[in-house]
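Asks: Need coordinates for the below:
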Amino acid sequence: MTAMPQMKSALDNRTLANALRMLAIDAVEQAKSGHPGAPMGLADIAQVLWNRYLKHNPADPRWPDRDRFVLSNGHSSMLLYALLHLSGYDLPLDELKRFRQLHSKTPGHPEVGVTPGVETTTGPLGQGLANAVGMALAEKLLAEEFNRPTHTIVNHRTFVFVGDGCLMEGISHEVCSLAGTLGLEKLVAFYDDNGISIDGHVRGWFTDDTPSRFEAYGWRVIRDVDGHDPAAIESAIRTAFKTCGKPTLVCCKTVIGWGAPNMAGSHDVHGAPLGAEEVAATRQALGWAYAPFEIPAQIRAEWDARREGERMQHKWEQRFEVYAGEYPVPAAEFRRRMAGDLPADFDVQANAWMTGVARATEAIATRKASQLAIEALASMLPELLGGSADLTGSNLTKWKASRTVGRNEGGNYVHYGVREFGMTAIINGLALHGGYIPFGGTFLVFSDYARNGLRLAALMRLRTIFVFTHDSIGLGEDGPTHQPVEHAMSLRLIPNMDVWRPCDLLETAVSWRAAVERRDGPTSLLLSRQNLPAQRDDGDRASLAARGGYVLVDAPTGEPDLVLIATGSEVTLAIKAKEILSGRGVSVRVVSMPSTTVFDRQDLAYRRSVLPDGVKRIAIEAGATALWWKYVGLDGAVIGMDGFGESAPASALFPHFGFTAERIAETARLLVHGAHGLS
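Replies: Predicted coordinates for the structure are as follows:
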């Protein structure tokens with residue numbers, strides 16, 4: 001892409017930038033809450049980028065070949081809201097006046113799906129930068145797949161603003177190191193080097209040589225750019241657009257709160273309104289002779305990007321139509337994937353696959369069952385993009401036709417290295433960009449490292465899939481450092497996160513199908529290291545399992561004395577306990593509940609048909625017990641773990657921690673005879 005600036009400008013750069021500053025100042029002042037300093041300091045950079053170089057169309061925020069813009073230092077959200085409003089997005093002035101108010105389109109940090117034009121939800125520092133790496137990776141891989149020698153339909157950049165806080169967060173190291181290794185040259189980061197964080201001047205706790213650090217990652221670094229000099233900013237952007245095979249960091253020296261005569265350069269302007277006196281003084285210092293939220297018509301006209309955006313998109317659409325005429329199949333595939341639709345024949349193919357899976361009888365670890373599911377789904381879904389955080393051989397996330405993504409090669413499998421958090425946030429960025437259904441693997445215990453990325457995936461309702469293997473003490477000899485106890489329950493606590501812990505090959509296939517079909521949130525798959533036997537199938541188990549919980553084996557009469565609820569490897573123990581109890585005259589129903597989160601969404605009649613009122617229940621899972629009480633009630637029992645594991649073979653650990661059919665049967669005997677609250 002040639003770095004051609006968009007033709008603007010009867011007004012000087014500073015006046016246009018001051019429009020951003022004053023909208024941010026006025027909105028924060030009216031809300032009595034917010035962060036005015038960074039928007040004031042970044043306004044000059046944003047003005048040059050958005051008015052001269054950013055490829056976007058406010059009338060269509062989903063145009064596939066638009067540039068992506070990410071505000072990683074999301075506390076400076078009023079900068080982005082002001083940019084979107086002035087450029088012509090569907091963000092009226094009244095919404096800026098409602099900054100940080102209930103149900104406004106201008107919440108305290110940018111949120112995707114709330115504000116038109118916001119590409120990702122940012123707030124936890126560093127994750128926007130990581131999302132941007134994912135977006136740039138998606139662009140690179142889609143360009144490799146869909147562009148042709150004479151047709152370029154994927155050709156856009158990802159721009160990201162980052163501050164000191166983003167670069168202090170460890171995730172910045174994880175993702176920027178990988179971005180350099182992969183040579184993501186369409187990624188351009190602007191470092192807002194203002195030397196201030198909430199606690200004050202960062203020189204007391206952040207003295208990194210940031211330019212050298214990024215050069216060591218393999219980035220092109222443009223040093224010592226005056227972030228308040230439009231000519232210097234423009235020169236840096238032109239350099240960033242030159243091909244070099246590397247991502248670019250533009251190091252911009254700025255003054256936080258630029259323009260505030262008494263507070264600029266201090267942490268006082270970081271996270272609090274300026275106050276009426278300083279607002280008035282700033283208006284005078286900037287020569288801004290307009291009332292709060294007033295933007296003169298001439299300034300609005302200079303900022304309005306709608307006509308230019310429509311022109312750029314129209315030119316792209318014309319090129320795409322020519323491309324589609326010559327390459328109709330990839331053109332249709334590109335449209336489908338960017339829309340997030342599954343192939344038209346997916347149901348037919350998936351049903352045939354599930355029919356074959358239902359016939360399988362072998363004992364298999366669910367991590368291996370997951371690999372078989374990936375193998376099947378990858379043949380149906382070219383958009384499936386896998387990876388692992390240096391545990392490929394343990395997570396079993398690779399498939400026969402997978403191709404490793406490299407610096408100079410496209411592919412469908414990413415080796416993320418030992419970067420669990422970075423992987424998770426990059427996967428989020430891939431999903432946000434569109435064109436892929438991304439998944440990544442690690443051990444379940446290391447979901448702790450990825451936790452905040454998992455939360456944001458759920459908050460943003462992304463179609464992302466997290467493959468967590470080694471799901472319990474069943475992993476054995478690695479001991480308590482690697483044995484997850486509270487992790488399954490912890491993931492279930494994240495709103496909108498679907499969590500599946502399947503018991504065999506069929507349930508694993510069901511969970512994978514549910515994950516790729518789900519369009520309104522992420523999925524975590526918790527998978528065993530040890531082999532688990534296939535459970536019997538009367539012909540409709542797949543459709544029942546897809547409801548999250550179902551009757552696996554019923555009482556002989558259909559009216560049980562007791563219900564055993566289990567997940568994953570513990571389903572087998574529940575079946576064995578049922579056999580013992582049946583010999584003692586106790587009528588038992590076994591419920592497999594691979595996904596409590598999906599089961600909870602079923603209608604009340606179905607849930608009661610599985611867990612009938614008035615029947616005592618025991619829940620069995622090799623993990624923390626807390627949430628199981630809502631399924632068993634105060635007169636039920638939970639067999640689980642509320643401590644840590646031990647290092648030993650799985651065959652020794654399960655009996656040691658009381659996970660035996662005999663213990664379940666004894667607990668049932670006590671429960672049926674009146675003991676309460678057992679655990």
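Asks: Could you tell me which other helices and strands the helix or strand where residue 369 lies packs against?
Replies: Counting by DSSP states H and E, the element that carries residue 369 is helix 366-380. If you count contacts as 3 or more C-beta pairs under 8 Å, 6 or more residues apart in numbering; DSSP states H and E, helix 366-380 packs onto helix 346-358, strand 384-388, strand 465-469, helix 505-517, strand 523-527. Where C-beta positions appear, they are placed from N, C-alpha and C, glycine not excepted.
Asks: can you redo these as JSON lines with mean pLDDT and mean neighbour count?
Replies: Formatted as JSON lines, those follow (pLDDT from 0 to 100; neighbours: other C-beta atoms under 10 Å):
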{"stretch": "helix 346-358", "mean pLDDT": "97", "mean neighbour count": "15"}
{"stretch": "strand 384-388", "mean pLDDT": "98", "mean neighbour count": "25"}
{"stretch": "strand 465-469", "mean pLDDT": "98", "mean neighbour count": "27"}
{"stretch": "helix 505-517", "mean pLDDT": "98", "mean neighbour count": "25"}
{"stretch": "strand 523-527", "mean pLDDT": "98", "mean neighbour count": "28"}
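Asks: Pull up the distance across stretch 406-420, start to finish.
Replies: Between the opening and closing residues of stretch 406-420 lies a distance of 19 Å (C-alpha to C-alpha, to the nearest Å).
Asks: Okay, buried residues for it please.
Replies: For stretch 406-420, the neighbour count (16 or more other C-beta atoms under 10 Å) marks 411-417, 419-420 as buried.
Asks: now do stretch 53-72
Replies: For stretch 53-72, by 16+ other C-beta under 10 Å, it's 53-59, 61, 63-72.
Asks: before we move on, what about stretch 628-648?
Replies: Buried residues in stretch 628-648 (16+ other C-beta under 10 Å): 628, 631-632, 636-641, 645.
Asks: ends of that stretch, how far apart?
Replies: 27 Å.
Asks: Let me know the average pLDDT across it.
Replies: For stretch 628-648, mean pLDDT is 95.
Asks: next one: stretch 83-101
Replies: On average, stretch 83-101 scores 98.
Asks: could you dump it to CSV, C-alpha only?
Replies: Extracted as CSV, the C-alpha positions of stretch 83-101 are listed here (Å, rounded to 0.1, in the frame of the first residue of the first chain):
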residue,chain,number,x,y,z
LEU,A,83,-12.4,10.7,16.9
LEU,A,84,-15.4,8.5,16.1
HIS,A,85,-17.8,11.4,16.6
LEU,A,86,-16.0,13.9,14.5
SER,A,87,-15.2,11.4,11.7
GLY,A,88,-18.9,10.7,11.2
TYR,A,89,-19.6,7.4,12.9
ASP,A,90,-23.0,6.9,14.4
LEU,A,91,-22.0,8.4,17.7
PRO,A,92,-24.0,11.6,18.3
LEU,A,93,-22.8,14.5,20.4
ASP,A,94,-25.4,13.6,23.0
GLU,A,95,-23.6,10.3,23.6
LEU,A,96,-20.4,12.2,24.4
LYS,A,97,-22.3,14.3,26.8
ARG,A,98,-23.4,11.1,28.5
PHE,A,99,-19.8,9.8,29.0
ARG,A,100,-19.6,7.1,31.6
GLN,A,101,-23.3,7.2,32.3
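Asks: chain center to it: distance?
Replies: 26 Å (C-alpha atoms, centre = their mean, to the nearest Å).
Asks: and residue 454, how many residues sit next to it?
Replies: Using other C-beta atoms under 10 Å, residue 454 has 24 neighbouring residues.
Asks: can you check residue 658 too?
Replies: Residue 658, neighbours per other C-beta under 10 Å, totals 15.
Asks: Would you confirm that it contacts residue 637?
Replies: No: shown here, residue 658 and residue 637 do not form a contact pair, counting by C-beta atoms under 8 Å, at 11.9 Å.
Asks: Just the buried positions in stretch 441-453, please.
Replies: 441-447, 449-453.
Asks: next one: stretch 206-216
Replies: In stretch 206-216, counting by 16+ other C-beta under 10 Å, buried: 210-211, 213-215.
Asks: What mean pLDDT does it get?
Replies: In the prediction, stretch 206-216 has an average pLDDT of 98.
Asks: List the contacts of that stretch.
Replies: Residues from elsewhere that reach stretch 206-216, judged by C-beta atoms under 8 Å, 6 or more residues apart in numbering: 164, 167-168, 176, 180, 191, 193, 197, 221, 223, 249, 251.
Asks: Which two of those residues have the greatest separation?
Replies: 180 and 197 (25.0 Å; C-beta to C-beta).
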